[in-house]
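Enquirer: Sharing a model that was predicted from the sequence below.
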Protein chains: 2
Amino acid sequence: MRRAHRARRRRRHHSSLDERGRCALRHGEAVRRDRERLVGECAVRASVVRKAAPPLIRDVPSRARAVRARRACPYDRGRGAEDDLAHREASAARGPRRDPDRGLGGPRRVRPAARGRHGDVRRSAPVPRRHRACRGERRRRAGCGRDNDETRRPVPTSRQGSRRRVSDTPRVAILAEGLFSRTTAKTAIGVLRYARYQIVAIVDSTKAGTDAADHVGVGRGVPVVATVDDAIARGADVLLIGTAAAGGRIPDTYRPFLSRALERGVAVWNGLHERVLSDPRLAEAARRGNATVRELREPPRELPIGGHRRPRVGATVVLTVGSDAAVGKMTASLEIVAALRRMGEKAAFVATGQTGIAIAGEGISVDAVVADFIAGAAETMVCDAAERADWVIVEGQGSLTHPGFSGVTLGLLHGAGPDLMVLCHHAMRWSMKGYDDGLPLRTLPELVRIYEDAAAWRRPPGYPPSRVVAIALNTGDLLSSDPPDLALTWIQSASTVTKLPAADPIREGTAGADRLARALIDARGRHADTSTS
Amino acid sequence: MRRAHRARRRRRHHSSLDERGRCALRHGEAVRRDRERLVGECAVRASVVRKAAPPLIRDVPSRARAVRARRACPYDRGRGAEDDLAHREASAARGPRRDPDRGLGGPRRVRPAARGRHGDVRRSAPVPRRHRACRGERRRRAGCGRDNDETRRPVPTSRQGSRRRVSDTPRVAILAEGLFSRTTAKTAIGVLRYARYQIVAIVDSTKAGTDAADHVGVGRGVPVVATVDDAIARGADVLLIGTAAAGGRIPDTYRPFLSRALERGVAVWNGLHERVLSDPRLAEAARRGNATVRELREPPRELPIGGHRRPRVGATVVLTVGSDAAVGKMTASLEIVAALRRMGEKAAFVATGQTGIAIAGEGISVDAVVADFIAGAAETMVCDAAERADWVIVEGQGSLTHPGFSGVTLGLLHGAGPDLMVLCHHAMRWSMKGYDDGLPLRTLPELVRIYEDAAAWRRPPGYPPSRVVAIALNTGDLLSSDPPDLALTWIQSASTVTKLPAADPIREGTAGADRLARALIDARGRHADTSTS
């Protein structure tokens, strides 16, 4: 049975990746063909995310699409967490709203970037050879349903069995009712930018009839619809909660939408702390509609105490750390992984938050585990990833200077035990998010010192210290009134004050991400020298 | 109904405290009289621990008994975490094993300390006047069943209703099968030393027939028995799990004991991460015996993100921080509370771990909350305690230099936001507990700097920094071969290297705890000057 599964999966992936290494499943005829073949194993991948406890890291695919989009228009992809009105207007001007009557009906296939400067970027961009998936890599990708016994564990109660099976190629609608903006829809933006599955609609009745990119600068061609029924009419079989307010409560305005989705048998993916089925009315709706719920933040049942395992010798662990929450640590991590792969390195991404998990398909949300096991969860993921890659890039969480989340940050820092760190900072952020009444951010040199000190606390003396080796700057929210070279000035000054390479991997495109990756490769050499000397 | 409860409780406590402010409920006739009167409200206090979510701090009673015991014999009270054979032998010599056939049957009333030097200390020790409970304090003690609506919350599922009601004055047996030693029975030792309820037996078949104090240096007169049935024969209506291994699994050797207790209707109090009723066999036994389970580590359902509340102006928050886990932070906190009260100050103890909760009856185990809410849990407890006391002494957890638990420590540090800190250190600890293969502890001056730096990260600039103002040293595990003044030399050298007052509040008795308390009072003056200048 297990062997049969493996064989089928292998065949599927051979046919589903085209010669450029992209997933051909997105393309009409192939989608239908594959879907028919996959009927017997339809819920496998979805359930694996919850089942595969220890080896929870999956290689992130090459970022051909992201690279192309970036070339087309650096900041049209909605990076920041703050809402920049001028920038949004500029985006809208470049990519005019689509006629709601024309072409909104079908699911998005290849996500087009802004068309203003580079014409129709629906045409596939050239992908460098080393970026293409080789047969081994294809198999590895298929292997998200790893079938060693270790990865099997009982399905958590919140999953409620596989009453209705989500197809292996989910068509996702993102729920962001009243909150679909750059400030509030962090999860939606991340998924729109990086996820490999189809996004068929955004559900936000206050913005219905518009295009996603008009509001968050990313997701051109994805319609915003008013109701779950509209999303289902566009083919949605999954409703992903696309916002994540601190505290993790399900907003009350979302409950009717979730209820409707569950009633109609649409699976719900939830990245909030509150569990969907803990609301009796939603549980009842799920029962009526025979629908499943996937809790992205549900931790594995068994986790160790951290500090007792070390990653494979030879693997380099990199953690992105931040001056605050929501400054772009996940984005920086994903861009660094892509850049390292462009350079021929074997890199793995470790997702530690709900958006990262929704994108990578695996991971543990370290802010949702029982507090004693933060480090253990991080360590487990890092050690497992280090078995399969030479570079383990760990998505950071929060900030050591954040009064609410610092515990998670230090637990992750000590659990991941990084060799190198990349400090992420949002250039427009002056005070701690949510504490604007007088909690200014620390300066970059102070932050470098703080993270290096804290990383050293868990090390025995003589162990090569963990160093911050690069600054990933997020300059996404510049105003149109700002001088055009202000962002570059910021990047240069960040580099000057910290004496470290600095880059904005989005604004500067591959050049920026490559600079960060080169800083890591150089530092690894130095780190190895220190270790052996 | 609520009023009637209040009235009854007030009456009960008037009659149950003697003129020395001690709880007369422990004394024969009064126990029976009160118990009859309290039939109608028997499970109130037990359930309140789980119900009272936000204001989870209760004043700790004055430590008359502890003080007396300390005077009798400083280190006979089993402080250290390491097992000191020589010391144990010395204890045994001082307080010879009780004849198993004589006087083991009844529950312990007033716990006798070692009798070697001071004769029979069952005779009540004189208690200073300010140590006696005034009418207000008695009422406050009674108020553990606070009846404002805020404290009411649904009983967690693991509680399984109030099928069998534990009496309001529980008679507790402590389960430590095969593990009843100084190294492993931290919870048992803390409860034996400080809890106000009766401890009728220790269950450890490997040491049956002996006296508790022979093994852990505390609990003279409490028999060690082989089975749960023996404990029940001695009057036990609660079985408390008295050990807490890292990882928090229920040891398999405990399950038959727990099963037997539940089958016989004895309530189980569990401070481990693993929930008792998650084991189907134990759940079945509880169903058969109609028994309840109290999960000491079960967090409240609703917790905030930290960093948004401040304690009442005028209240001084003190956090005990440590060079490692299990160095005596809870003990130092309780002794400081007692010392401050001796000086006429209004002090409250905030329990943040399972042993502290088992002793104080309230608190949140911050290592068991969802990681995002560590700081929020601490902040909630501290702010609520600050409404009722001028000194809030918060029990610390773990260490910032502990690879596994540091996240909890930083979350607690930033959530509690202490004005002052007391650094706790175990003089015989050279390497991090559980990491003896090369993770030496930091020096005391380094630790002072680490904690002060970390505390400052969450503060805005200009805010008076939080300072470590005293060192609480744990010199409990000295060998008999050590020079007699070695402990004092250690205390002096700790003071010299850190330029701070240092004391061992157990070895030095009230003088030590008073020195710590005076250091806090002096530092509060300086802190207030800094704040206003």
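Expert: Yep, it's here. This one's a predicted model, so the numbers in the text were calculated from it and none came from an experiment.
Enquirer: Output the below-cut-off pLDDT ranges for chain A.
Expert: A:1-167, A:437, A:479-480, A:530-533 (pLDDT under 70).
Enquirer: how does it look with 50?
Expert: Along chain A, the parts satisfying pLDDT under 50 run over A:1-2, A:4, A:7-165.
Enquirer: all strands for it, in order.
Expert: Using DSSP state E, the strands of chain A run over residues A:171-175, A:198-203, A:224-225, A:238-241, A:267-270, A:293-295, A:316-322, A:347-350, A:391-394, A:420-426, A:467-474, A:502-503.
Enquirer: what lines up beside the first one in the sheet?
Expert: The sheet places strand A:171-175 alongside strand A:198-203 (parallel), strand A:238-241 (parallel), with pairing taken from DSSP bridges.
Enquirer: in the first one, what's buried?
Expert: I take that to be strand A:198-203. For strand A:198-203, the neighbour count (16 or more other C-beta atoms under 10 Å in any protein chain shown) marks A:Gln198, A:Ile199, A:Val200, A:Ala201, A:Ile202, A:Val203 as buried. Where C-beta positions appear, they are placed from N, C-alpha and C, glycine not excepted.
Enquirer: Report the backbone C-alpha coordinates of it in CSV.
Expert: Extracted in CSV, the C-alpha atoms of strand A:198-203 (Å, rounded to 0.1, in the frame of the first residue of the first chain):
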residue,chain,number,x,y,z
GLN,A,198,-4.2,28.4,-6.9
ILE,A,199,-5.8,31.4,-5.2
VAL,A,200,-9.2,31.8,-6.8
ALA,A,201,-10.6,34.8,-4.8
ILE,A,202,-10.3,37.0,-1.8
VAL,A,203,-13.4,37.3,0.3
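Enquirer: neighbouring contacts of that strand?
Expert: Residues outside strand A:198-203 that contact it (C-beta atoms under 8 Å, 6 or more residues apart in numbering or on different chains) are A:26, A:107-109, A:111, A:169-177, A:180, A:188, A:191-192, A:212, A:219, A:222-228, A:230-231, A:234-236, A:239, A:242, A:257.
Enquirer: Restricted to helices, list the residues you listed.
Expert: Judged by DSSP state H, the subset of the contacts of strand A:198-203 located in helices is A:Ala188, A:Val191, A:Leu192, A:Ala212, A:Val228, A:Asp230, A:Ala231, A:Phe257.
Enquirer: who wins for neighbours among those residues?
Expert: The residue in the ones in helices among the contacts of strand A:198-203 with the most neighbours, by other C-beta atoms under 10 Å in any protein chain shown, is A:Ala188 (33 neighbours).
Enquirer: which one is it nearest to, not counting chain neighbours?
Expert: A:Gly242 (3.2 Å; C-beta to C-beta, 6 or more residues apart in numbering or on different chains).
Enquirer: Return the residues in contact with the one you found.
Expert: By C-beta under 8 Å, 6+ apart, A:Gly242 lies in contact with A:Ile174, A:Leu175, A:Ala176, A:Phe180, A:Ala185, A:Thr187, A:Ala188, A:Val191, A:Ile202.
Enquirer: Okay, A:Gly247 and A:Phe405: tell me how far apart.
Expert: According to C-beta to C-beta, to the nearest Å, A:Gly247 and A:Phe405 sit 12 Å apart.
Enquirer: Residues that sit against both of these two, list them.
Expert: B:Ile305.
Enquirer: Mind checking which of these two has more residues around it?
Expert: For A:Gly247 versus A:Phe405, neighbours defined as other C-beta under 10 Å are more numerous around A:Phe405 (30 against 16).
Enquirer: Pull the number of nearby residues for the nearest residue to the more buried one once chain neighbours are set aside.
Expert: In this structure, A:Phe405 finds its nearest non-sequential neighbour in A:Gly398, 3.1 Å apart by C-beta to C-beta, 6+ apart. Number of residues near A:Gly398 (other C-beta under 10 Å) recorded here: 26.
Enquirer: Make sure A:Gly398 is actually in contact with A:Ala325.
Expert: Yes. Counting by C-beta atoms under 8 Å, A:Gly398 touches A:Ala325, with 5.0 Å between them.
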